[in-house]
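Colleague: can you look at this prediction? I've put the sequence above it.
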Amino acid sequence: MKHLQGLNSLTELRLQHNNISAVTEVDRLPCLQHLFLSCNNIISFDQLACLGESRFLSELTLDGNPVALETWYKQAVLRCVLHLRRLDMKRITDEDRRMAGVHARKEEEKKKESHKQTIHKEKRRLAIRNAAQQWEGVMATLELPPTNGSKEDVSPENSPAHSPAQTNGLAQETSPEEPRRVSPGSGPERPSGTTESRLRTNSRPNSPRDPKLVETGSVQSLSLSDSHLAELDGDTLRLFGLGALEALERGWGAQTAGAVTVITFRYINFDAIVPTLPRLRVKFPNLSHLIFLESNISRLPQLAALAQVRRLDQLTIHPEGNPVVSMKLWRPFIIYRLHHFNLQRINGQEVTMNDVIAAERVFGTLGHIAATETPHCRLLLLLEESRKRQLQFLLEGRGRRAGLSPEELRDNGKLLGEGLSRALFNYPSRDGSVESPEEGSVESSERAAIVEQYLQELVQRASETNLKGEALHKLWPSMFAEMVRDCVLEMRDRTAFRQASLTKLSDTK
């Protein structure tokens, strides 16, 4: 409907049953007071936008149009046409206007909240990407070998989630490309001349507690900056970037902390996480699942640090950014070292009794030699303070039995929940956030050389001991028969045997 200009004296316009879909130029009728548009084909208020400019319109009918079926129909009309007195042949009351005002305020608040959430999502996305960019820089400094497979960038909306395909106990999922470090308000940076290293996102194993990175209304942001993010999503605490560890030190309410059962670490060096592990059990009493993504877990001894958590049901270490997962013995070592946890799942795979037996078979001999051959003073240096007191108490004979040896300690049960042989596989706690990557790399390489040499010696001893045991097991029947025969032959002449025995005793005196 158009071409209405020039009808300056028109006060009433009846256009019912005309299949009208849009109304224009009504605002050019200065004296229009009554407009009847019933039974047409108007489906939205965008097609009636000009009504808001009609200053003297007091009566309007829109019944019979699709737009009149909307629940917000009356409120929208009153908000658009301020001087309206009758709508669809019904008088407009003060209550109707009040409800329209309330609805308008709610709509405005909803728009503001939506805008606020959009800004927060953008900041969150940038924080995760910048944390990933910083992680790439640290990994480049440490000169870690690249992992096999295609590498893709990380998008917070396409982070670990369920996927039907499984690889190494973990589902795989791809994500769109990731730009270089950016900050709110800045334009995209041009990539440098060198080949840009990219990250690949691996999804978590199938589990009802798997945290997803797709933000929902229940997500609570605990700490957010340009390069780190800490957020709480139901029972899952997710930490991105080194600065996110500060969220673990904040004041937690008993109910909130008790609800946390899963903690995810991403783009955080494992050595920086280790000092926080002893406090996790105190801070989050119901914690049962730890997830590590891009944490630079590269050696088996690092896994021993998880014993400080005190209790764990599930453990997930993603291959991307954690080279230790490529080692064949990493899973048996975790099962052996964390035997007292009674782990139910590792990387989504159930831990069976056969796994426990196999792990004991692989590392049991090594642990036994470590427990029996390590000097007492060294044991006291290696163990924690609480273990030191108990071990010293037993070694000095102040327990029920005097002067227990390390062998007896091992044979007589566990020491504060862990076997002594397992407790010797520990990992020193140090604050990875205060040392530079260069210093950490040098110290790590020196320590790795010493540890490698020590482990080689232990493995050599264990191998030699095992070979000797097998040889003795094979030779023992014939040796025992020879010993019995020699004794019988020696005692055949009793007089000579007694005389020889007395002579031997006299010589010893």
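Modeller: Done, it's in. Numbering: from 1, shown residues only.
Colleague: switch to C-alpha atoms for all contacts and neighbour counts from now on
Modeller: Noted.
Colleague: can you map out the helices along this structure?
Modeller: Counting by DSSP state H, the chain has these helices, from start to end: 73-80, 94-142, 254-259, 270-273, 277-283, 300-304, 330-337, 353-373, 376-382, 385-395, 406-411, 420-423, 437-490, 494-508.
Colleague: average pLDDT for the fourth one, rounded please.
Modeller: Confidence over helix 270-273 (mean pLDDT, whole number) is 91.
Colleague: what's the answer for the longest one, then?
Modeller: With pLDDT averaged residue by residue, helix 437-490 scores 85.
Colleague: one more: the first one?
Modeller: Helix 73-80 shows a mean pLDDT of 79.
Colleague: now it against helix 94-142, angle please.
Modeller: Using axes from the mean of the first three to the mean of the last three Cα atoms, to 10 degrees, the inter-axis angle of helix 73-80 relative to helix 94-142 is 90 degrees.
Colleague: end to end on stretch 58-78, go ahead and measure it.
Modeller: Distance across stretch 58-78, first residue to last, is 11 Å (Cα to Cα, to the nearest Å).
Colleague: what does that stretch contact?
Modeller: 33-45, 83-89, 96-97, 99-101, 103-104 (Cα atoms under 8 Å, 6 or more residues apart in numbering).
Colleague: do the same with stretch 446-454
Modeller: Stretch 446-454 has contacts (Cα under 8 Å, 6+ apart) with no other residue.
Colleague: can you check stretch 277-291 too?
Modeller: Against stretch 277-291 from outside (Cα under 8 Å, 6+ apart): 252, 257-265, 305-306, 308-318.
Colleague: try 6 Å this time
Modeller: With contacts defined as Cα atoms under 6 Å, 6 or more residues apart in numbering, stretch 277-291 is touched by 257-258, 261-264, 308-309, 312-317.
Colleague: out of those, who's nearest Thr495?
Modeller: Thr495 has its nearest neighbour among the contacts of stretch 277-291 in Gln308, at 67.4 Å by Cα to Cα.
Colleague: can you name the residues bridging to the closest residue to Val219 other than its chain neighbours?
Modeller: Nearest non-adjacent residue to Val219, counting by Cα to Cα, 6 or more residues apart in numbering: Asp233, 4.4 Å away. Beta-bridge partners for Asp233, by DSSP bridges, are Val219, Thr236.
Colleague: count of neighbours near Asp233?
Modeller: Close neighbours of Asp233, defined as other Cα atoms under 10 Å, add up to 19.
Colleague: thinking again about what came up before, now the buried members of the contacts of stretch 277-291.
Modeller: Ala257, Thr261, Val262, Ile263, Thr264, Gln308, Val309, Leu312, Gln314, Leu315, Thr316, Ile317 (16 or more other Cα atoms under 10 Å).
Colleague: confirm for me that the last one is in contact with Phe292.
Modeller: Yes. The pair Ile317 / Phe292 is scored as a contact, 4.9 Å apart, by Cα atoms under 6 Å.
Colleague: pick out the residue nearest the middle of the protein.
Modeller: The centroid of the chain falls nearest to Thr264 when counting by Cα atoms, centre = their mean (1.6 Å).
Colleague: what bridges to it?
Modeller: Arg238, Ile291.
Colleague: average pLDDT for stretch 342-362, rounded please.
Modeller: Mean predicted lDDT for stretch 342-362 stands at 92.
Colleague: what of stretch 36-51?
Modeller: pLDDT averaged over stretch 36-51 gives 82.
Colleague: contacts for it?
Modeller: Contact with stretch 36-51 is made by 14-24, 27, 60-67, as judged by Cα under 6 Å, 6+ apart.
Colleague: let's see 7 Å
Modeller: Contact with stretch 36-51 is made by 13-27, 60-67, 81, as judged by Cα atoms under 7 Å, 6 or more residues apart in numbering.
Colleague: now do the same contact list for Phe56.
Modeller: Cys31, Leu32, Gln33, His83.
Colleague: and the gap between the last one and Lys74?
Modeller: Pointing back at His83 there. 14 Å.
Colleague: which one of the helices of the chain lies closest to Ser227?
Modeller: Comparing the helices of the chain by Cα to Cα, helix 94-142 comes nearest, at 4.7 Å.
Colleague: below-threshold pLDDT in the protein: ranges please.
Modeller: 1-3, 143-218, 377-421, 423-424, 426-444, 509 (pLDDT under 70).
Colleague: what's the closest non-adjacent residue to Val459?
Modeller: Leu366 (6.7 Å).
Colleague: surely that neighbour is in contact with Ser463?
Modeller: No. Using Cα atoms under 7 Å, Leu366 is not in contact with Ser463, being 9.0 Å away.
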